[in-house]
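Peer 1: no sequence for this one, just the structure:
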């Protein structure tokens, strides 16, 4: 939040270049996902550019960890489902996000002791994992709200790309007249506030709006 000149990798610009299966864009959140993403990318038959958007802060995040079994016997997941859900039919809101904002959402959800919110991580932004999200949302059809959360301002980040994919998915899964809602920073000419305190205040407001409203 302190350095507008270097606080964004311009995810939205890479996603604007994506078409006809020409590249792959990732935003992984665990060591196992990073490892299996590299394996998958190297071993795939058709070689193409791979763009990784994960920030270096996740290298030292205490919750961004994987066990040995996940590394040795796992595989790459285009989305990571909410493994903390006990009863899918009780979920009232599904929050779809990508990247490190997930850990902020998780911490806030735990502080508020929420059990009716599902946090879904999109680890591969292009090609968008339509089928994976479709299959997962089938178990969460009791949800009243589907929300996209991101750290970037509304005119940046993945929002303008993923909204159409998610809405199409909701239509296929037959979620009634629901459409995905955006919750995050308003549109801005700058990638960041340039002030840490203001950045943190905005982040707190976003988290509370998503999880408490």
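Peer 2: Received, thanks. What you are looking at is a predicted structure, and each value in this text was computed from that prediction instead of being measured. Residues are numbered from 1 along each chain as shown.
Peer 1: every contact and neighbour count from this point should use C-alpha atoms.
Peer 2: Fine.
Peer 1: given the biggest strand by length in the chain, what are its sheet partners and their directions?
Peer 2: Longest strand in the chain, counting residues (DSSP state E): strand 145-153. Here strand 145-153 has these sheet partners by DSSP bridges: strand 93-97 (parallel), strand 181-185 (parallel).
Peer 1: and these, which is most packed in?
Peer 2: Mean neighbours per residue, mean count of other CA atoms under 10 Å, is largest over these for strand 93-97, with a mean of 22.
Peer 1: now it: mean pLDDT?
Peer 2: Strand 93-97 carries an average pLDDT of 96.
Peer 1: if you count neighbours, what's buried in the helix or strand just after it?
Peer 2: The C-terminal neighbour of strand 93-97 among helices and strands, as given by DSSP states H and E, is helix 101-111. Neighbour-count burial for helix 101-111 flags 101-103, 105-106, 108-109 (criterion: 16 or more other CA atoms under 10 Å).
Peer 1: from these, which two are the most distant?
Peer 2: Pairwise distances across those peak at 12.3 Å for 101 and 109 (criterion: CA to CA).
Peer 1: for residue 128, grab phi and psi.
Peer 2: Dihedral pair for residue 128: phi -70, psi 130, per degrees, to the nearest 10.
Peer 1: how close does it get to residue 84?
Peer 2: Distance of residue 128 to residue 84, given as CA to CA, to the nearest Å: 24 Å.
Peer 1: between those two, which is the more surrounded one?
Peer 2: Shown here are residue 128 and residue 84; by other CA atoms under 10 Å, residue 128 has more neighbours (20 against 10).
Peer 1: what distance do you get for the more buried one to residue 148?
Peer 2: Relative to residue 148, and taking CA to CA, residue 128 is found at 14 Å.
Peer 1: where does this structure have low pLDDT?
Peer 2: 1-7, 213 (pLDDT under 70).
Peer 1: can you give me the helices in it?
Peer 2: Along the chain, the stretches classed as helices by DSSP state H are 11-16, 31-43, 68-73, 101-111, 130-137, 159-173, 196-212.
Peer 1: in CSV: these, plus distance to residue 51.
Peer 2: CSV is the format used below for these (distance: least, CA to CA, whole Å):
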stretch, distance to residue 51
helix 11-16, 8
helix 31-43, 11
helix 68-73, 21
helix 101-111, 19
helix 130-137, 19
helix 159-173, 16
helix 196-212, 26
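Peer 1: of those, which is nearest residue 95?
Peer 2: helix 196-212 (7.9 Å).
Peer 1: please name every helix or strand in contact with the closest one.
Peer 2: Applying 3 or more CA pairs under 8 Å, 6 or more residues apart in numbering; DSSP states H and E, we find helix 196-212 packed against helix 101-111, strand 181-185.
Peer 1: who touches the nearest residue to residue 106 once chain neighbours are set aside in this structure?
Peer 2: Nearest residue to residue 106, sequence neighbours excluded (CA to CA, 6 or more residues apart in numbering): residue 119, at 7.6 Å. Residues near residue 119 by CA atoms under 8 Å, 6 or more residues apart in numbering: 81-82, 94-97, 102, 105-106.
Peer 1: now do the same end-to-end measure for stretch 114-126.
Peer 2: 31 Å.
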